[in-house]
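**Student:** Below are the sequence and a predicted model for it; my questions follow.
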Amino acid sequence: MIPVLSVDQLRFAWPRHEAPMLDIETLSVDAGEAVFLHGPSGCGKSTLLSLMAGVLVADAGHAKLLGHDWGKLTRRQRDRTRVAHVGYIFQQFNLLSYLSVIDNVLLPCRFSPRRASRADGTPRAHAEQLLQRMGLDKALWQRPALQLSVGQQQRVAAARALIGHPELVIADEPTSALDEDRREAFLDTLMSACEANRSALVFVSHDRRIAERFGRHVWLPDINRAALASESQ
Ligand SMILES: Nc1ncnc2c1ncn2[C@@H]1O[C@H](COP(=O)(O)OP(=O)(O)OP(=O)(O)O)[C@@H](O)[C@H]1O
């Protein structure tokens, strides 16, 4: 079976940086797997997530989604592939501030007929279901995203990532602004939605309490200090 995500001999350096930022021999994530990715600040976790989602392209080696090599696609093809198959909760959320909460959640279905066709019921019904499960009061749904608190925006970003059941869900420190109760409810919703749909989940966090909820842990070292990503099951 083709993994949802596979990384092979991947190297990446930011422009004007001589040494590679990332140098990963191999990493593969199957459908239904939930992976906790952790490592020291600045080691390249967010960079790796961007490579996994085709936002960035590797300098050498391969990052593949469902067997398709991101490096062989044009920027336009990458954008289309990402919206069709990947739900991405960015560290800075990347909500469109002038759009309403519900329209932000609906965006992947607007850009991808595939995401729209995979929604539970209509896209709007699925958006409403996810916002409810994320504990966002109905009174907020028509408000512009910029009027929400940081923790509320984080939950809108998660609902947008989950709508239309993408094969891969990427979450970059998605609970940093949530209190303990909200964090647990958020994780319950995110993980049960991924499990129910057999979406692969790659989750980055510095929070060790969250690590316990994941069956698979991948440690990304700072390669100035160590050579390769190691893994502890
Ligand atoms: N757009 C960019 N241009 C140049 N360098 C960048 C860019 N984005 C990140 N970097 C550099 O790449 C390195 C890794 O950054 P990245 O955000 O991937 O680390 P991280 O492990 O996610 O960090 P943290 O845990 O603090 O969020 C850092 O040294 C950072 O300065």
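**Tutor:** Ah, there it is.

**Student:** any weak-confidence spans in this structure?
**Tutor:** The model of the chain has pLDDT under 70 over residues 224-233.

**Student:** what about Ile24, which SS state?
**Tutor:** strand (DSSP: H, G, I helix; E, B strand; the rest coil).

**Student:** what's the distance between it and the ligand?
**Tutor:** For Ile24, the distance to the ligand equals 13 Å [Cβ to the nearest ligand atom, to the nearest Å]. Placement of C-beta: from N, CA and C, glycine included.

**Student:** I'd say Ala157 and Gln92 touch.
**Tutor:** No: the pair Ala157 and Gln92 does not pass the contact test of Cβ atoms under 8 Å, sitting 9.2 Å apart.

**Student:** what about those two, which has more around it?
**Tutor:** Counted by other Cβ atoms under 10 Å, Ala157 and Gln92 do not tie: Ala157 has more neighbours, with 26 against 10.

**Student:** For the more buried one, list the residues it contacts.
**Tutor:** 89-90, 93-95, 174 (Cβ atoms under 8 Å, 6 or more residues apart in numbering).

**Student:** check which helix or strand covers it.
**Tutor:** helix 150-162 (DSSP states H and E).

**Student:** Thr47 now?
**Tutor:** helix 45-52.

**Student:** quick check, distance from that helix to the centre of its chain.
**Tutor:** 9 Å (Cα atoms, centre = their mean, to the nearest Å).

**Student:** Packing partners of it?
**Tutor:** strand 5-12, strand 22-29, strand 34-38, strand 60-65, strand 168-172, strand 200-204 (3 or more Cβ pairs under 8 Å, 6 or more residues apart in numbering; DSSP states H and E).
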